[in-house]
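Visitor: Provided below for reference: sequence and predicted model.
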Number of protein chains: 2
Amino acid sequence: MPPISPKDSPPTTERGRQRRDALLDAAQRLFLERGYGQVSVNDIVAQAGGSLSTLYRHFGNKEGLFQAMIERRSHHIYDTLTAEGVDELPIEAALQRLGIDLLIKVMDEETLGIYREVVAESPRQPQLARLFFDGGPGRVRRALADYFDRRARRRLMPTGGSVELAGIFLGMLLGEWHLIRVLQLESPPSRAAIEARVARCVTLFLHGTEDLSSGRSQ
Amino acid sequence: MPPISPKDSPPTTERGRQRRDALLDAAQRLFLERGYGQVSVNDIVAQAGGSLSTLYRHFGNKEGLFQAMIERRSHHIYDTLTAEGVDELPIEAALQRLGIDLLIKVMDEETLGIYREVVAESPRQPQLARLFFDGGPGRVRRALADYFDRRARRRLMPTGGSVELAGIFLGMLLGEWHLIRVLQLESPPSRAAIEARVARCVTLFLHGTEDLSSGRSQ
DNA sequence: AAGATAGTGTAGTCTACACTACACATTGAG
DNA sequence: CTCAATGTGTAGTGTAGACTACACTATCTT
């Protein structure tokens, strides 16, 4: 009878914590490199040093290890995105800064790897989806929506639907680029290309297509 | 020595075509239901009827079958989206119609399944990524960009960057919704919800946030 | 009717790998 | 010192599954 919830007991001793981290590090490297299904627990132990028994003591089974790894990651990845002091900037500059930071983070090979693995495994491990979304994309959307709400309170923009608005803006930023990078159809965009795209998105978001240059709409 | 390119010879006889289609149908059902790695070729044969030998004669190996299935699918899925007569409509209506059709298609469980499988397998099967993108999302982006170009030629909107603009608009439409559905975090949106979101995106795309109601930007 | 072409069915090979068993080492607390 | 908990190392076990071999059948063409 396999354990329903893998026993991810907090390590008591210092040595225990080290072994646990080594296993997580190895798991991360290998899972993101080859994909969950293509990595054996033996590979991970070989990479991490230590012993198979230890792995099973800590994580219960392969899935437990995977989830622990994803959880650790999705938290740390988006921690750099805590836009602070953003309320003092004009909205153009604020969105521009957030957009650039976000695109750089999201185009990063590690972030893309996490995304691929989560999408691939989520049908079999639904907890994974929540874990990832709430720790990553969901948190960014929340933060941006809060920013919009603060502006609305200061009467700097209309009230209401801030979460949806945030989602739309984030969608604009990623657009087709994310898919293209997830599928590895093109090489990563340069810093300059990122800045240009963000600028275009910000303008579009604030003023619509009309404002791009001349031209009237039908 | 495994064949480099799977022998996907076009079936000559009628009976051959039937057997081939039956295999593809079964493959599609099972792959989308359980995921590529979780389906055995024997499962597929059992579902399709016929024989293992036939499968290998047609597709060479498991990957060949998978690719043939994805190719067939990504072509047919987006065929419904050939927006015709769209040039006669005001741009609001045109974008609205396209947006609704697209969101319905993209939120469909089958389309989401294809997406998941392609993302999951693309690192191991790079041809797959191209196949999918060019047959699906890429074609939609191309079609929308062409529409923008035609409008630009009629001086109804600014010239240039139509492909990027199309990508941005499509990104707005999907936004966070796509991820949420891919990860199955929420149930499918209602028709009404889709219409509301598309309307909001179209307004935003054409006029920016300013126009949503009152409120001035900083 | 005879041979080519494609489909069937079964049985089997070979390999990979999740997970376990077990005997032994290390460490730290009382 | 000792005993309990934790880590190590090796050597399995059991199973699943991709792919092959082979003997046979159905159909179609000329």
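Guide: Received the coordinates, thanks.
Visitor: Roughly how far does residue A:68 sit from DNA strand C?
Guide: Counting by CB to the nearest atom of the strand, to the nearest Å, the separation of residue A:68 from DNA strand C is 13 Å. Every C-beta, even on glycine, is put in place using the N, C-alpha and C of the backbone.
Visitor: wait, isn't that residue in contact with residue A:61?
Guide: No: at 11.2 Å, residue A:68 does not count as touching residue A:61 under the criterion of CB atoms under 8 Å.
Visitor: So these two - more neighbours on which side?
Guide: When residue A:68 and residue A:61 are compared for neighbours, residue A:68 comes out ahead with 21 against 14, by other CB atoms under 10 Å in any protein chain shown.
Visitor: Tell me the pLDDT of the closest residue to residue A:49 other than its chain neighbours.
Guide: Leaving out its chain neighbours, the residue that sits closest to residue A:49 by CB to CB, 6 or more residues apart in numbering or on different chains is residue A:22, at 6.4 Å. At residue A:22, the model reports a pLDDT of 94.
Visitor: so what's residue A:22 up against?
Guide: Shown in contact with residue A:22 (CB atoms under 8 Å, 6 or more residues apart in numbering or on different chains): A:48, A:49, A:50.
Visitor: Establish whether the helix or strand in which residue A:114 is found and chain B are in contact.
Guide: Assigned by DSSP states H and E, residue A:114 falls within helix A:109-121. Yes: counting by CB under 8 Å from any CB of the partner chain, chain B is contacted by helix A:109-121 at A:115, A:116, A:118, A:119, A:120.
Visitor: tell me the angle of that helix relative to helix B:109-121?
Guide: Computed by axes from the mean of the first three to the mean of the last three CA atoms, to 10 degrees, the angle separating helix A:109-121 from helix B:109-121 equals 130 degrees.
Visitor: okay, now residue A:156: neighbour count?
Guide: Residues lying near residue A:156 (other CB under 10 Å) number 16.
Visitor: nope, residue A:52 is what I meant
Guide: As a burial measure, residue A:52 scores 12 neighbours (other CB under 10 Å).
Visitor: Read off the pLDDT value for the spatially closest residue to it that is not a sequence neighbour.
Guide: Closest residue to residue A:52 apart from its sequence neighbours, by CB to CB, 6+ apart: residue A:45 at 5.1 Å. Looking at residue A:45, its pLDDT stands at 95.
Visitor: Spell out which parts of chain A neighbour DNA strand D.
Guide: Neighbours of DNA strand D within chain A, by CB under 7 Å from any atom of the strand: A:11-13, A:15-16, A:19-20, A:49-54, A:57-58.
Visitor: Closest one of those residues to chain B?
Guide: For these, the residue nearest chain B by CB to the nearest CB is residue A:52; the value is 22.5 Å.
Visitor: wait, isn't the closest one in contact with residue A:44?
Guide: No: if you go by CB under 8 Å, residue A:52 and residue A:44 don't touch, sitting 9.1 Å apart.
Visitor: How is the residue nearest to residue A:49 assigned, secondary-structure-wise?
Guide: The assignment at residue A:22 comes out as helix when based on DSSP: H, G, I helix; E, B strand; the rest coil.
Visitor: what's the spacing between it and DNA strand C?
Guide: In this structure, residue A:22 and DNA strand C are 16 Å apart, going by CB to the nearest atom of the strand.
Visitor: Can you report how many residues lie near the closest residue to residue A:51 other than its chain neighbours?
Guide: Computed as CB to CB, 6+ apart, the closest residue to residue A:51 that is not its neighbour in sequence is residue A:45, at 6.6 Å. Look at residue A:45: counted by other CB under 10 Å, it has 20 neighbours.
Visitor: go on, residue A:28?
Guide: Using other CB under 10 Å, residue A:28 is surrounded by 21 other residues.
Visitor: where's the residue nearest to the spatial centre of chain A relative to residue A:81, distance?
Guide: Central residue of chain A (CA atoms, centre = their mean): residue A:136, 4.3 Å from the mean position. Between residue A:136 and residue A:81 the computed distance is 9 Å (CB to CB, to the nearest Å).
Visitor: Likewise for residue A:101?
Guide: As judged by CB to CB, residue A:101 and residue A:81 stand 6 Å apart.
Visitor: Quick check: buried residues in stretch A:56-73?
Guide: The neighbour-count check on stretch A:56-73 (16 or more other CB atoms under 10 Å in any protein chain shown) flags A:56, A:58-60, A:62-73 as buried.
Visitor: Assign residue A:160 to helix, strand or coil.
Guide: Secondary structure, three-state DSSP: residue A:160 is coil.
Visitor: just to revisit the earlier point, any idea of the mean pLDDT for the helix holding residue A:114?
Guide: Per-residue pLDDT over helix A:109-121 has a mean of 96.
Visitor: so does that helix get close to DNA strand C?
Guide: No: if you take CB under 7 Å from any atom of the strand as the test, helix A:109-121 misses DNA strand C, and the best it gets is 12.9 Å.
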